[in-house]
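**Q** following is a predicted model, sequence given first.
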Amino acid sequence: MRNNINEQMQTEEFNFQESVLFDKSILVFSGAMLGVSLFLMNFVSHKYIPLLLIAWVCFILSIVLTLLSMLISQDVIREKAEYLKGLIDYPENHALIVLLLNRFSMSFFITGAFFLTVFLFVSL
């Protein structure tokens, strides 16, 4: 029984570390895309600015959703650890919320990258 609890806690820790790496990647790439697009704005045609604005909104939404995901995932890990130790009856199921936030975050990042690419392609 004790080994089973330790294995479950190790699995949860591994999943948490994997989630943290995903979150950091999205934050770094979204921030980098925003920075690059701000820098390149001086060198491209301003005729297609709406494409750039859509990309910025997508990158900002991606960052916000990732930060929310990180915040909620900390609660998920804490609750599961308390559940495995027998401190609470049943943890709240926030894992689905974290998964959805991560999926939406990735979707907004990909959409932002697409609009930024289109903007750069038509502007240069």
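**A** Yes, it's here.

**Q** residues in contact with the residue nearest the centre of the chain?
**A** Central residue of the chain (Cα atoms, centre = their mean): T66, 3.2 Å from the mean position. With contact taken as Cβ atoms under 8 Å, 6 or more residues apart in numbering, T66 is in contact with 23, 26-27, 30, 101-102, 105. Quick note: C-beta positions are derived from backbone N, CA and C, even for glycine.

**Q** any idea which helix or strand carries it?
**A** For T66, the element it lies in under DSSP states H and E is helix 49-84.

**Q** residues of stretch 83-90 that come out buried?
**A** Neighbour-count burial for stretch 83-90, counted by 16 or more other Cβ atoms under 10 Å, picks out 83-84.

**Q** among the contacts of T66, which ones are in helices?
**A** 23, 26-27, 30, 101-102, 105 (DSSP state H).

**Q** lowest-confidence member of those, which is it?
**A** For the ones in helices among the contacts of T66, the weakest pLDDT value sits at D23, with 86.

**Q** so that one touches I72, yeah?
**A** No: contact between D23 and I72 fails when scored by Cβ atoms under 8 Å: they sit 10.9 Å apart.

**Q** okay, the two: which has more neighbours?
**A** D23 (20 against 14; other Cβ atoms under 10 Å).

**Q** contact partners for that one?
**A** Counting by Cβ under 8 Å, 6+ apart, D23 touches 66, 69-70, 73, 102.

**Q** let's have the residues you listed in CSV, adding distance to C58.
**A** CSV is the format used below for the contacts of D23 (distance: Cβ to Cβ, whole Å):
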residue, distance to C58
T66, 12
S69, 16
M70, 19
S73, 22
N102, 15
